[in-house]
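S.K.: return atomic coordinates for the entry below.
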Amino acid sequence: MKAIYPGTFDPITKGHLDIIVRARLIFDELVVAVGDNPQKKTTFDCLTRVTMIRESILDMPEVEVISFDGLTVEAAKNVGARVIIRGLRAITDYELEVQMAFMNRSLDSDIDTVILVTSPNWQFISSSLIKDIAGLGGDITPYVPEPVIPLIMKVFR
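M.R.: Below you'll find the model as predicted:
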């Protein structure tokens, strides 16, 4: 079965990688889909975010990375995925994730959502926190994949 893991990934973190590694063990095929929503202000353009992910998963050539705009269920249909993967860091994320799962299910009843709880050592990490830490001169190396560090530092230093 094919799954899609959508997100903004601005930037990708080790928490995102945790979900990617675990999802590829569960599903036959995995597509990481980088959302390009012009209404959402991102630090990195879509192509840069796709490149960050590709460079961060060089050891996972079976994982496809694409960009998409529009509805996640449409992106899932376009790649032939029957499952949308979502990561859950904390209970505070739960309500939004369930709401999105219900909405996606109502938009396309053939597509299910599977929520994976992030491993405990990454639950506190978010892309926003990474950018805040980098902007204040902190060390982000424990929290993001190595290929991403120079790109973040270029923007925030």
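S.K.: how about residue 19, what does it touch?
M.R.: By CB atoms under 8 Å, 6 or more residues apart in numbering, the contact set of residue 19 is 5, 85, 87, 116, 118. Every C-beta, even on glycine, is put in place using the N, C-alpha and C of the backbone.
S.K.: can you tell me the helix or strand for it?
M.R.: Using DSSP states H and E, residue 19 sits in helix 14-26.
S.K.: and the average pLDDT for whichever helix or strand comes after that helix is what?
M.R.: Per DSSP H and E, the first helix or strand lying C-terminal to helix 14-26 is strand 29-35. In this model, strand 29-35 has a mean pLDDT of 98.
S.K.: got the angle between strand 29-35 and helix 14-26?
M.R.: Here the directions of strand 29-35 and helix 14-26 differ by 150 degrees (axes from the mean of the first three to the mean of the last three CA atoms, to 10 degrees).
S.K.: dump the residue contacts of residue 26.
M.R.: Contacts for residue 26 (CB under 8 Å, 6+ apart) come out as 3, 114.
S.K.: next, the buried residues of the helix holding residue 19.
M.R.: Under the neighbour-count criterion of 16 or more other CB atoms under 10 Å, helix 14-26 has 14-24 buried.
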